[in-house]
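**Student:** Show me the folded form of this:
(one chain, ligands or ions: 1)
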Amino acid sequence: MAIDPLMPVYPRCAVRPVKGEHCHLIGEDGRRFLDFAAGIAVNILGHSHPGLIGAIREQAATLMHVSNLYGSPQGERLAQRLVDLTFADTVFFTNSGAEAVEAAIKTARAYHQHGGNSDRHELITFNNAFHGRTMATISASDQEKMHKGFLPLLPGFRYSAFDDLAAAEALIGPKTPRSARPPQARWPAFSRCRMNRWFRATTTAIGCRRPSTLRSPLRSATRSR
Ligand SMILES: Cc1ncc(COP(=O)(O)O)c(C=O)c1O
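**Tutor:** Below you'll find the predicted structure:
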């Protein structure tokens, strides 16, 4: 069976950029687009900024890829900078969104398994969500079109209606990682905005600290270190 050299894993749209200029993309047919989509919230750095080009050029001329068997002075410096500037206590550098979600899943499970609570392995996700295309991240989604052809899924996910706190709360049980739960006393008062903030904080910090020390990114961003 003939197959395209670039594996056709999902449909791509007809925009085929070959060049970027600041906030514009230029297609192979010469058409110019205003790049509103960028990297879908990732690497939103624009195109051809001289500072970025200079930094990439300098690093490429200094040291290219080495294996993760070695120490990384540059990685340590960048991680320290991110820790200093944000709510995070530690940084995991990764190549894709799916790997970041996988890391959050593994961290939540490891936190409880190392603490002797291996039953707490169930994670709650929201209907119609997208978490990536690896086995764990398609299992984290309830979308059947993502499961087709790839069964069996990884167990341990419960799907809740989106924007329905009561539905999400009903799924919290003895198998839910404790660090993924907001403090019960504050739960009824959670607005959608606060819920989003809480989820951002927990999915990033999941398993890295005790529930009592979970802070919202906004509050934590202002702490002094
Ligand atoms: C919300 C969300 N999670 C996870 C991912 C997966 O990211 P990646 O394609 O880099 O693995 C995406 C990608 O669009 C996303 O939008």
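
**Student:** Domain ranges for the protein, per the record?
**Tutor:** Domain assignment for the chain by automatic domain parsing gives 15-65, 97-221.

**Student:** just those domains: most buried one?
**Tutor:** Comparing the domains of the chain on average neighbours per residue, with mean count of other Cβ atoms under 10 Å, the densest one is domain 97-221 at a mean of 15. In short, each C-beta sits where N, CA and C put it, glycine included.

**Student:** what's the least confident stretch among the domains of the chain?
**Tutor:** Averaging pLDDT over each of the domains of the chain singles out domain 97-221 as the lowest, with a mean of 76.

**Student:** So stretch 137-152, near the ligand or not?
**Tutor:** No - under the criterion of Cβ under 6 Å from any ligand atom, the ligand is not reached by stretch 137-152; the shortest gap measures 6.7 Å.

**Student:** from the middle of its chain, how far away would that stretch be?
**Tutor:** Between the mean C-alpha location of stretch 137-152 and the chain-wide mean there is a distance of 18 Å, by Cα atoms, centre = their mean, to the nearest Å.

**Student:** So which of the domains of the chain is nearest L6?
**Tutor:** When these are compared by Cβ to Cβ, domain 15-65 sits nearest L6, at 11.9 Å.

**Student:** Please name the nearest non-neighbouring residue to the residue of the chain found nearest the ligand.
**Tutor:** The nearest approach of the chain to the ligand comes at G97, 2.2 Å away (Cβ to the nearest ligand atom). Ranked by Cβ to Cβ, 6 or more residues apart in numbering and with sequence neighbours excluded, the top spatial neighbour of G97 is G132, at 5.4 Å.

**Student:** Check which helices and strands whichever helix in the chain runs longest sits against.
**Tutor:** In the chain, taking DSSP state H as the definition, the longest helix is helix 97-114. Packing partners of helix 97-114 (3 or more Cβ pairs under 8 Å, 6 or more residues apart in numbering; DSSP states H and E): helix 135-139, helix 192-205.

**Student:** rewinding a little: nearest to I3 among the domains of the chain would be which one?
**Tutor:** Relative to I3, the nearest member of the domains of the chain by Cβ to Cβ is domain 97-221, separated by 15.2 Å.

**Student:** For the nearest residue to A129 once chain neighbours are set aside, give me phi and psi.
**Tutor:** Using Cβ to Cβ, 6+ apart and skipping residues adjacent in sequence, the residue nearest A129 is S141, 5.6 Å away. The main-chain torsion angles of S141 are listed as degrees, to the nearest 10 and equal phi -100, psi 150.

**Student:** Which residues are in contact with S141?
**Tutor:** S141 sits next to T125, N128, A129, F130, H131 when contact means Cβ atoms under 8 Å, 6 or more residues apart in numbering.

**Student:** Provide a list of residues in contact with the fourth one.
**Tutor:** When you say that, I think you mean F130. Listed by Cβ under 8 Å, 6+ apart, the contact partners of F130 are S141, Q143, M146.

**Student:** Out of those residues, which is nearest to G115?
**Tutor:** Using Cβ to Cβ as the measure, the one of these that approaches G115 most closely is S141, at 27.6 Å.

**Student:** And the contacts of stretch 22-34?
**Tutor:** Contacts of stretch 22-34 from elsewhere in the structure, counted by Cβ under 8 Å, 6+ apart, are V15, R16, P17, V18, K19, G20, D35, G46, H47, S48, H49.

**Student:** Dump the residues you listed to JSON lines, plus distance to the ligand.
**Tutor:** Output for these, formatted as JSON lines (distance: Cβ to the nearest ligand atom, whole Å):
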{"residue": "V15", "distance to the ligand": "16"}
{"residue": "R16", "distance to the ligand": "19"}
{"residue": "P17", "distance to the ligand": "17"}
{"residue": "V18", "distance to the ligand": "21"}
{"residue": "K19", "distance to the ligand": "22"}
{"residue": "G20", "distance to the ligand": "18"}
{"residue": "D35", "distance to the ligand": "16"}
{"residue": "G46", "distance to the ligand": "19"}
{"residue": "H47", "distance to the ligand": "19"}
{"residue": "S48", "distance to the ligand": "22"}
{"residue": "H49", "distance to the ligand": "22"}
